[in-house]
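Trainee: show me how the following folds:
(one chain, ligands or ions: 2)
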Amino acid sequence: MKEKNAFNVSIVFDNNCVNEGFLSGFGFSALVFNNFSNNYLLFDTGGNGEVLIHNIKKLGVNPSQIKKVIISHNHYDHAGGLSGFYAQNPNIELFIPYNIKNYEQNFPEAKVYLYKDVKEIDESIFVSGIIGISISEQALFCKTNEEKFVILVGCTHPGLENFIMKAREMGEVEAVIGGFHGFRKLSYLEGIDFIGACHCTSYMSEIRMRFPDHFRKVCVGDTFSF
Ligand SMILES: [Zn+2]
Ligand SMILES: [Zn+2]
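Mentor: Ligands and ions are numbered 1, 2, ... in the order given. Below is the predicted model of the structure:
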């Protein structure tokens, strides 16, 4: 087993909880540092590029160090910060769930990728592929040294259980971080060590009460290592 952590996951956008010196806004975004590849990946962009960039810089990271950006779905609170981010850092690879927003036209200097099924986009980091029909969405699956998965999710409109089941086809789930929306099928969270519900999670207190040892409050500016 390698001694180093596989990933550092920093929360760079959320509407619930913010550490001092960081800014809040409606939406979600997480910055992943991949110790296998030494790359930064940005999962979602929150609703405001200025807030996003402030928070990234506050962590000591220059936006130009981030070469891969993954958008979970096309709602403004996840994709709205992208234009501001792109204005400062256009040479990115952009992983999108579907193309109704004309990403190629709007972000001409970016390389745009769309994967319908699971695809490794950086060493040990996978997009889930498209989940859901009415609002399609993708998650990010990060495979740790123990071959367990850390799942980053946007709003999980198609139901968090579908993202968990998709990851469980590949291995055990260690952590899930992001917006759980109206998710109530709490038994799917059994066995998950780190439950970082934030952003749009409706049943936050129910989740915390049922999994008091595993529920984790995640705030903008926090970094978690896996
Ligand atoms: Zn959302
Ligand atoms: Zn949404």
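
Trainee: mind listing the helices for this protein?
Mentor: Counting by DSSP state H, the chain has these helices, from start to end: 49-58, 76-79, 82-88, 103-106, 160-168, 204-210.

Trainee: is the second one positioned near ligand 2?
Mentor: No. Helix 76-79 lies out of reach of ligand 2 by Cβ under 5 Å from the ion, never closer than 6.2 Å. (Glycine included, C-beta is placed from N, CA and C.)

Trainee: next, the buried residues of that helix.
Mentor: Neighbour-count burial for helix 76-79, counted by 16 or more other Cβ atoms under 10 Å, picks out 77-79.

Trainee: what of the fourth one?
Mentor: By neighbour count, with 16+ other Cβ under 10 Å as the criterion, the buried positions of helix 103-106 are Y103.

Trainee: ditto for the longest one
Mentor: By 16+ other Cβ under 10 Å, the buried positions in helix 49-58 come out as 49, 51-56, 58.

Trainee: residue ranges with poor pLDDT in the protein?
Mentor: Per-residue confidence of the chain (counting by pLDDT under 70) places the weak regions at 1-3, 99-101.

Trainee: flag every residue of it that's near ligand 1.
Mentor: Residues of the chain lying near ligand 1 (Cβ under 5 Å from the ion): 77, 155, 200.

Trainee: quick check: the first one touching D14?
Mentor: Think D77. No. Using Cβ atoms under 8 Å, D77 is not in contact with D14; the gap is 10.1 Å.

Trainee: so what sits against both of these two?
Mentor: Taking Cβ atoms under 8 Å, 6 or more residues apart in numbering as the contact definition, D77 and D14 share the neighbouring residues 27-28, 46, 199.

Trainee: turn the residues you listed into TSV, including neighbour count.
Mentor: Conversion of those to TSV gives the following (neighbours: other Cβ atoms under 10 Å):
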residue	neighbour count
G27	27
F28	31
G46	33
H199	27
